[in-house]
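test case, fold it:
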Amino acid sequence: MTLKNYQRVKIALTIILALVISQSLVFKNYLIPIALMVASALVLIFLRRRVSEVIADERDYMVGGKAALLTIQIYGWVATIAMLIFYGLRDYNSAYQPIGLVLAFSTCILLLLYSLFFRYYHRVSLADKKYLYTALVLLLFLVFMAFALRVFSGEDNWLCQNGEWVKHGQPDYPAPNVECK
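Below you'll find the predicted structure:
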């Protein structure tokens, strides 16, 4: 397969994915897009191995690595600042707190994944102390996540029942100001 044909297949799969995902969202079916994304990724991996031409060289990988590092750093800063703002404004609108938590956890997971892959590609041995420190940090993060899920798990929140917001426990914020359906 030539590089040009491979790129055409990639574009065609992207268009098909966009159409299927948009229609699936309209019909509230989320399993079909996930299955199609996995299938198209497998097809692209299979076809990429069949390409006889050079797809990328060392310079492309070096530039891509620098761009990925800069992207992760910028996302980390922007998401952390946005998380602090949303979490600080949670008294004005209770919907800001979950947005802040999602930003916080997604940033932590992104940085942990980056750290793990970075260590993997540097071929860290089990005897290396840095690996032990990374494992310890990961374990502490998992304990913190379990604690945070327990504390923020929704024991004290508002539930929608029969078209009205009803207290569940002792929420420390007012009832949502959106219509309960």
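
pLDDT weak spots in this protein?
For the chain, the stretches with pLDDT under 70 are 123-133, 149-155.

centre-most residue in it?
Geometric centre of the chain, nearest residue: Ser106, 5.5 Å, by C-alpha atoms, centre = their mean.

helix, strand, or coil at the residue lying closest to that one once chain neighbours are set aside?
Closest residue to Ser106 apart from its sequence neighbours, by C-beta to C-beta, 6 or more residues apart in numbering: Ala79 at 6.9 Å. (Each C-beta comes from the backbone N, C-alpha and C, glycine too.) Applying DSSP: H, G, I helix; E, B strand; the rest coil to Ala79 yields a three-state assignment of helix.

thinking again about what came up before, what strand or helix carries the residue nearest to the centre of the chain?
helix 96-121 (DSSP states H and E).

correct me if wrong: Ile21 contacts Leu31.
No. Applying C-beta atoms under 8 Å as the test, Ile21 and Leu31 come out as separate, 11.8 Å apart.

give me the more crowded residue out of the two.
Per other C-beta atoms under 10 Å, whichever of Ile21 and Leu31 has more neighbours is Ile21, with 16 against 8.

residue contacts, the more buried one?
For Ile21, the contact set (C-beta atoms under 8 Å, 6 or more residues apart in numbering) comprises Pro33, Leu36.

right, I'll leave it there.
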